[in-house]
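Colleague: generate a structure from the sequence data that follows.
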Amino acid sequence: MQPRRPPSASDTPSDSWFGHPRGLTILFSAELWERFSYYGMRALLVLYLIDALDLSSPDAYALYGSYGAVVYTFGVVGGWLAQRFMGTLRAIVLGGSLMALGHLVMALPWDGGLYWALALLCVGNGLFKPNVTTSVGMLYDEDDRARKQRGFRYFYMGINIGGMLAPIVCSAVADTWGWHYGFGLAGVGMALGLGVVVGGRHLLHTRSGRQPPAPSRRMMLGLVLAVLAMVPLGALLLWQVAWGHLSVELATVAVLVVLGVLAVRQPGRVRARVIVLLVLMVFHTAFWAAFEQLGSSFTVLAEHHVERELWGLVIPAPALVAVNSALIIPLTPVMSRLWGRLARWRHEPGIPAKFALGLVLLGAGFLVLSLGVTEGATRADATVALGWVLLCYLLMTVGELCLSPEGLSVIDELSPEGMRSFCVGAWFLTYANGHLLAGWIATQTAAGTEAATTGLSRYAEVFGMVGMAAIGLAAGLWLLRGWLGRRLGDEPRPMGT
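Modeller: Okay, the predicted model is just below:
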């Protein structure tokens, strides 16, 4: 049994909830409802584009990838605005308001509002998402590393409770009453998340990290107008997919240059940590490029080729996305306990090794699904058994738990003082580039909706290649783990770091 952390000088009896700052419950709830809105939208979007707007599968995949990429690219801007001008709370409230408005537009029976709605969601999420994540780390003292990591794991559970509920509820509503009702329900989730933040803002005390001085009313008005001016830009980047891709690539290059210059100018230990951050960003991007097939090619595969009847009920294809989050909720405390026990035995793998393990499990999931699809292609009705899909999701989910919560924690730890919000935004660029690559991977399976057996063969081929690539990247990262671990300053462990 580990000893309790001694109370911080800033702790008060009213500012503690099960050993964590009460502000964590506010951020947990806000992120839960924000993810409800995002995952509800994510579950429905590709099939809505194909079935309601008559887009081809490649065009739907491309727009889905661009939407995810632009969402996370605006996170760099949102992190920077909060760090330099607004502060995190104002950015969260403004971003949540724009997202709620975007969902309202999606709820209207007006298909022409698609790009405006998506743009509002992109800009709003860019302000909301990175600053909620930053706020979690800022609730804890700088030297409170263990408790902060546990706090991020609880926060990650909030993400996945929202991620589990949204596809089930929104797909059922969309299936019963229509697409726009499903999108509208996602908007209700966002409004609830915004209300939680506003109502609990007095609990969001900052213990680490600097906040800018409160802006004057004139400056705040100028900032709001500048943010609103980004909405038509976002709509243009989504409408012209090639421009959207180019903007993400240019933003990535610019951020990498800034981080590279930052690394050169910092003293040795800080420079080494920024280098580790840059390396981990590459592998994190690759992970999400494969993982985001859940909302695109996996959903279309499920719609056309997967046996979805269970206990007499037919599961809507978008609802299968909920399996990932439904598995994360019970597995998170199991993984947390496993890492804690290994740490007590001094056998806990370091961050690079955990990333490598996550990629191996991700690759194994794709290989399992490739086998399942191959088996389905031999059936007379060319259908894939649900068990193959569920096993794939289980492997991918455990892989995600090895990598993603640790990523949220490590970005907070590796960011230089005064650059935390910017670095969180830079980390979200890995999701942006992952979405772009995910869109490209999904287009390689586009033949899957044209002919049953031929299409399944194409899915099997693409998923097999993705699985092998993920395992190959994991092997490369495993070889680098010692070099990266020394720059992280981790103590040597028998399993390596």
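
Colleague: any buried residues in stretch 338-356, and which?
Modeller: By 16 or more other CB atoms under 10 Å, the buried positions in stretch 338-356 come out as 339, 348-356. Backbone N, C-alpha and C define where each C-beta goes, glycine included.

Colleague: give me the mean pLDDT for that stretch.
Modeller: Stretch 338-356 comes out with an average pLDDT of 85.

Colleague: again, but for stretch 239-249
Modeller: Looking at stretch 239-249 alone, the average pLDDT works out to 87.

Colleague: which of the buried residues of stretch 338-356 fall within strands?
Modeller: Secondary-structure check on these using DSSP state E: no residue lies within strands.

Colleague: nearest to Glu303, of these?
Modeller: Distances from the buried residues of stretch 338-356 to Glu303 were compared by CB to CB; the smallest belongs to Phe355, at 32.1 Å.

Colleague: isn't the closest one right up against Phe283?
Modeller: Yes - using CB atoms under 8 Å, Phe355 and Phe283 qualify as a contacting pair, with a distance of 5.5 Å.

Colleague: re earlier: and which of the buried residues of stretch 338-356 is nearest Leu262?
Modeller: Ile351 (19.9 Å).

Colleague: quick check: that closest one touching Val410?
Modeller: Yes - with the criterion set as CB under 8 Å, Ile351 and Val410 qualify as a contacting pair; they are 5.3 Å apart.

Colleague: common neighbours of those two, please.
Modeller: Contact criterion CB atoms under 8 Å, 6 or more residues apart in numbering; residues bridging Ile351 and Val410 by contacting each: Leu280.

Colleague: quick one: residues contacting Leu362.
Modeller: The contact partners of Leu362, taken as CB under 8 Å, 6+ apart, are 287, 290-291, 395-396, 399-400, 467, 470.

Colleague: repeat for Val274
Modeller: When the contact criterion is CB under 8 Å, 6+ apart, the partners of Val274 are 259, 262-263, 266, 414, 416.

Colleague: same deal with Gly182?
Modeller: By CB under 8 Å, 6+ apart, the contact list for Gly182 reads 40, 44, 170-171, 173-175.

Colleague: report the central residue of this protein.
Modeller: In the chain, the C-alpha nearest the mean C-alpha coordinate belongs to Tyr431, at 6.5 Å (CA atoms, centre = their mean).

Colleague: how far away is it from Gly199?
Modeller: With distances taken as CB to CB, to the nearest Å, Tyr431 is found 29 Å from Gly199.

Colleague: burial count for the closest residue in space to Arg42 that isn't next to it in sequence?
Modeller: If you skip the residues right next to it in sequence, Arg42 has Gly295 as its closest partner in space, 4.7 Å away by CB to CB, 6 or more residues apart in numbering. Residues lying near Gly295 (other CB atoms under 10 Å) number 27.

Colleague: which residues does Gly295 contact?
Modeller: Contacts for Gly295 were tallied using CB under 8 Å, 6+ apart; they are 42-43, 45-46, 64, 68, 321.

Colleague: in what helix or strand does the nearest residue to His20 once chain neighbours are set aside lie?
Modeller: Distances taken as CB to CB, 6+ apart put Gly151 closest to His20, at 5.5 Å, once the chain neighbours are dropped. With the criterion set as DSSP states H and E, the secondary-structure element containing Gly151 is helix 145-177.

Colleague: just give me how far the next helix or strand after that helix sits from the chain centre.
Modeller: Past helix 145-177, heading to the C-terminal end, the next element that is a helix or strand (DSSP H and E) is helix 179-199. Its chain's average C-alpha position is 18 Å from that of helix 179-199, according to CA atoms, centre = their mean, to the nearest Å.

Colleague: so helix 179-199 versus helix 145-177, what angle?
Modeller: Inter-element angle recorded for helix 179-199 and helix 145-177: 150 degrees (by axes from the mean of the first three to the mean of the last three CA atoms, to 10 degrees).

Colleague: now helix 179-199: buried residues?
Modeller: Along helix 179-199, these residues count as buried under the neighbour rule (16+ other CB under 10 Å): 179-180, 182-194, 196-197.

Colleague: alpha carbons of the helix or strand following that helix, as CSV, please.
Modeller: On the C-terminal side of helix 179-199, the nearest following helix or strand under DSSP H and E is helix 217-239. As requested, C-alpha coordinates have been extracted for helix 217-239 and formatted as CSV (Å, rounded to 0.1, in the frame of the first residue of the first chain):
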residue,chain,number,x,y,z
ARG,A,217,-13.4,44.2,-22.5
ARG,A,218,-12.2,45.7,-25.7
MET,A,219,-9.5,43.1,-26.1
MET,A,220,-11.9,40.3,-25.3
LEU,A,221,-14.3,41.6,-27.9
GLY,A,222,-11.5,41.7,-30.5
LEU,A,223,-10.5,38.2,-29.6
VAL,A,224,-14.1,37.0,-30.0
LEU,A,225,-14.4,38.7,-33.4
ALA,A,226,-11.1,37.1,-34.5
VAL,A,227,-12.3,33.7,-33.5
LEU,A,228,-15.6,34.2,-35.4
ALA,A,229,-13.6,35.2,-38.5
MET,A,230,-12.0,31.7,-38.4
VAL,A,231,-15.4,30.1,-39.0
PRO,A,232,-15.6,30.9,-42.7
LEU,A,233,-12.0,29.9,-43.1
GLY,A,234,-12.8,26.6,-41.5
ALA,A,235,-15.8,26.1,-43.9
LEU,A,236,-13.5,26.8,-46.9
LEU,A,237,-10.9,24.3,-45.7
LEU,A,238,-13.6,21.6,-45.4
TRP,A,239,-15.3,22.5,-48.7
